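Engineer: Pasting a predicted model and its sequence here:
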Amino acid sequence: MDSKECILVVDDDEGIRKSLTLILKKKGYLVESAGTGAEALSIAKDRTINLTLLDIKLPDIEGILLLAPLLKTNLEMSVIMITGFASVESAVQSLTAGASGYITKPIDLDGMLPRIKTALDHQRLVTEVRQAEEELNVSLAKYKVIFESFPIAITISDKSGNIIESNWRAVEILGLSPEEQSRRRIGGTEWHLIRPDGTPMPAGEYASVRALKENHLVQNVEMGIVKDNNTVTWINVTAAPVPIKDYGVAIAYNDITERKRVDEEIVFKNIVLSTQQETTLDGILIIDEHGKIISFNQHFTDMWDIPDDVIESGEDILAIQSVITKVKDPGEFLERVKYLYEHKEEKSREEVDLVDGRVFDRFSAPMYGKDGRYYGRVWYFRDITERKRTENALRESEERFRELFNKANDAIYLYEYDPVQQTGQLIEVNEVACQMLQYTHDEFLLMPVENIRAPIERESFREHMKSLMGLGHFTFETRHQRKDSTWLPIEVNAHLFVLQGRNVVLSIARDITERKKTDEKIRNSLVQIESDLEQMALFNDQIRNPLAVIAALLDREQESKTNTMIREQAFKINALITTLDGEYLKSEKVREFLRKHYDFYEGEDR
């Protein structure tokens, strides 16, 4: 008997209460007693009562009326009614109200105790059933939560293969509502499933059908579900028989579409990587953290002429021994390799000279995972022999160009021109430019090119550049200003070309100071000649007029030998003057050409 079972004695007769309490305690029960209905309810609310012996007549309430509120305190409580008189009516009322039985006064102790035991056994059975139901409900709730929240799709079938239950994940993967699934069988013709190779999969290969038919676990069957829109959802299926009456199989499956896409992408990337590795200009060698060769391309073995047995051994040390005799400095080569293997985190790039005259560009870097784990080292080798030869030839060419650039007799300016901002930034100048304008090389490179012009000439810079942009080359005269603010007359020969998408101008500037001085002397000489010729023309007129007078006077005089001689001399003088006038007219064409060439106009020095 459970020592915790408690009996409540409710009777207004104190003697009966005490007697029953004493007897029941001797039998090992816990006993509470109450003389009124109110006391009984108070006790029942404060503690668990297994059985109540309830007098049908109480001073504050009828026992039958107390029965209902008393049972509300504990629905599993058993109640035996005590009555001073027995009648069918009172018995029926008691049982109808929820009592498990009744006894009459005077109380027959021998008959009461078995009744009490029976009532307690019944109460205990009711409690156990309730607890079992609660445990079952908890288990069902747990199963339901797990079934519905499990991230893997689950479908249950009956013995005939009819789908009877599926969770939310199954609805998502199959694209079918629970009602739609319930109208299908696991091996039904409604399913359109394919094998991994894309061919149709017969029902006999379904994991669920096999598990139901063969009555054992079938694991990891991969298949594709072809949906109505012709998309394919790939799943991995495991099915097992359910050892419950009328149940068939439990099918668990998860969507592996993304995994297959990633797998296919990895395969594709590996193909691309392998193709790149074999088609690259570089020889590639990959060494793991233990010094073992894990990958290489054919170009690597061809570059170094490594025997097949050496590369197939997978030993990096054998590969090193195979190539060490081919380098000019074996000691330095080995020392560098050893250093990099000891300092795993370092990258390296250097050139390796070979004894046959070739030059290899060697690059090496460590391989680290996202978790920081060191996986080894990759080596890249590229034959740069031709590039080195080209670089050397280019370097010699640049040196020759630099020599010509700096030894030129004229100033040379190289600048980038921005047609939007209409300004140019100097890139390079030669030594003659520095000497001519008295700026250092570094000062030049900080200047806009238009600032080397005299202020009065800077406005014409835009017009000159506009012409250059249109023609590609342009020659013009301008004036450049020295650092000390004096200026020089300059003749500029500019050429425009495009370098790496930029407008670059090569401008050759020649100091024409001496030429200007010579031009000025010629202009002055021309002015003097012009003046002298004009004076001569006036002088001719002054001579011709007196000769005309002399000739007129001679015409009035009688002919004489003297007059004849004078007339002859006058004619000679007139002929000479006429000749001079003719030569003057001939010289006019020459003088006109000189005026235009030297920008000279009569009476004006430009």
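Structural biologist: Received it, and whenever you're ready, just let me know what you need. Everything numeric in this text was worked out from a predicted model, so none of it was measured.
Engineer: Which residue ranges make up the domains of the protein?
Structural biologist: What automatic domain parsing lists as the domains of the chain is 6-131, 150-261, 280-388, 408-511, 516-605.
Engineer: ok, residues contacting stretch 223-234?
Structural biologist: 173-175, 191-196, 198, 201, 206, 222, 235, 237, 255-257, 259-260 (C-beta atoms under 8 Å, 6 or more residues apart in numbering). C-beta here means a position set from N, CA and C on the backbone, and glycine is covered the same way.
Engineer: of those residues, buried ones?
Structural biologist: By neighbour count, with 16 or more other C-beta atoms under 10 Å, the contacts of stretch 223-234 hold 173-174, 191, 193, 201, 206, 235, 237, 255-256, 260 as buried.
Engineer: want to try TSV for those, with secondary structure as columns?
Structural biologist: Formatted as TSV, these follow (DSSP: H, G, I helix; E, B strand; the rest coil):
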residue	secondary structure
Ile173	helix
Leu174	helix
Trp191	coil
Leu193	strand
Met201	coil
Tyr206	coil
Ile235	strand
Val237	strand
Asp255	strand
Ile256	coil
Lys260	helix
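Engineer: what about dumping the CA coordinates of stretch 467-481 to PDB?
Structural biologist: Taking C-alpha atoms only, stretch 467-481 is exported to PDB below (Å, rounded to 0.1, in the frame of the first residue of the first chain):
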ATOM      1  CA  SER A 467      45.400  74.000 -84.700                       C
ATOM      2  CA  LEU A 468      47.600  71.200 -83.400                       C
ATOM      3  CA  MET A 469      44.700  69.000 -82.400                       C
ATOM      4  CA  GLY A 470      43.200  69.500 -85.900                       C
ATOM      5  CA  LEU A 471      46.400  69.000 -87.900                       C
ATOM      6  CA  GLY A 472      48.500  66.700 -85.800                       C
ATOM      7  CA  HIS A 473      51.500  68.800 -86.300                       C
ATOM      8  CA  PHE A 474      52.000  72.600 -86.300                       C
ATOM      9  CA  THR A 475      54.900  75.100 -86.600                       C
ATOM     10  CA  PHE A 476      54.600  78.600 -85.100                       C
ATOM     11  CA  GLU A 477      56.600  81.400 -83.500                       C
ATOM     12  CA  THR A 478      56.100  82.600 -80.000                       C
ATOM     13  CA  ARG A 479      58.100  84.000 -77.100                       C
ATOM     14  CA  HIS A 480      59.200  82.000 -74.000                       C
ATOM     15  CA  GLN A 481      60.000  83.600 -70.600                       C
END
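Engineer: residues making contact with that stretch?
Structural biologist: Against stretch 467-481 from outside (C-beta under 8 Å, 6+ apart): 417, 419, 436-437, 452-457, 460, 464, 487-496, 503, 505, 509, 512.
Engineer: Try it again at 7 Å.
Structural biologist: 419, 437, 452-454, 457, 460, 464, 487-496, 505, 509 (C-beta atoms under 7 Å, 6 or more residues apart in numbering).
Engineer: How about stretch 510-521?
Structural biologist: 410, 436, 488-491, 598.
Engineer: Name the residues of that stretch that are buried.
Structural biologist: 510-511.
Engineer: Please report how far Asn493 lies from Thr478.
Structural biologist: Between Asn493 and Thr478 the computed distance is 12 Å (C-beta to C-beta, to the nearest Å).
Engineer: who has more neighbours, the two?
Structural biologist: Neighbours were counted for Asn493 and for Thr478 using other C-beta atoms under 10 Å; Thr478 has more, 20 against 14.
Engineer: helix/strand/coil for the more buried one?
Structural biologist: strand.
Engineer: mind checking pLDDT for it?
Structural biologist: If you check Thr478, the pLDDT there is 93.
Engineer: out of everything not next to it in sequence, what's closest to it?
Structural biologist: Nearest non-adjacent residue to Thr478, counting by C-beta to C-beta, 6 or more residues apart in numbering: Glu457, 4.8 Å away.
Engineer: So what's the residue count around that neighbour?
Structural biologist: 18.
Engineer: Check Ile284 too.
Structural biologist: With other C-beta under 10 Å as criterion, Ile284 counts 18.
Engineer: List the contacts of it.
Structural biologist: 277, 296-297, 300, 380.
Engineer: Look at the residue positioned nearest the centre of the chain and report its pLDDT.
Structural biologist: Closest to where the C-alpha atoms of the chain average out (C-alpha atoms, centre = their mean) is Lys370, at 16.5 Å. Here the pLDDT value assigned to Lys370 is 88.
Engineer: Assign a three-state SS to it, would you?
Structural biologist: Per three-state DSSP, Lys370 ends up coil.
Engineer: follow-up on the earlier one: need the domains of the chain in a markdown table (columns: distance to Glu398).
Structural biologist: Below are these laid out as a markdown table (distance: least, C-beta to C-beta, whole Å):
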| stretch | distance to Glu398 |
| --- | --- |
| domain 6-131 | 98 |
| domain 150-261 | 54 |
| domain 280-388 | 15 |
| domain 408-511 | 12 |
| domain 516-605 | 36 |
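Engineer: how close does Glu179 sit to Ala153?
Structural biologist: Glu179 is 17 Å from Ala153, where distance means C-beta to C-beta.
Engineer: what's the burial count for Val126?
Structural biologist: Neighbour number of Val126 under other C-beta under 10 Å is 15.
Engineer: contacting residues for it?
Structural biologist: Residues in contact with Val126 (C-beta under 7 Å, 6+ apart) are Glu76.
Engineer: Tell me how far it lies from Gly98.
Structural biologist: Separation of Val126 from Gly98 (C-beta to C-beta) stands at 12 Å.
Engineer: now, among the contacts of Ile284, which is nearest to Ile82?
Structural biologist: Gln277 (99.1 Å; C-beta to C-beta).
Engineer: these two touch, right, the closest one and Asn297?
Structural biologist: Yes: in terms of C-beta atoms under 7 Å, Gln277 counts as a neighbour of Asn297; the distance is 4.6 Å.
Engineer: Glu179 and Ala153: which has the busier surroundings?
Structural biologist: Counted by other C-beta under 10 Å, Glu179 and Ala153 do not tie: Ala153 has more neighbours, with 21 against 7.
Engineer: quick one: the strands in the stretch 101-250 of the chain?
Structural biologist: 101-104, 153-158, 163-166, 193-194, 218-226, 232-241, 247-255 (DSSP state E, counting those that start in this stretch).
Engineer: buried stuff in the fifth one?
Structural biologist: To tie it back to what came earlier, the one meant is strand 218-226. Applying 16+ other C-beta under 10 Å to strand 218-226 flags 218, 221, 223-225 as buried.
Engineer: Need the residues you listed in TSV (columns: pLDDT and distance to Asp519).
Structural biologist: As requested, the buried residues of strand 218-226 are arranged in TSV below (pLDDT from 0 to 100; distance: C-beta to C-beta, whole Å):
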residue	pLDDT	distance to Asp519
Val218	96	109
Val221	95	103
Met223	95	99
Gly224	95	94
Ile225	94	97
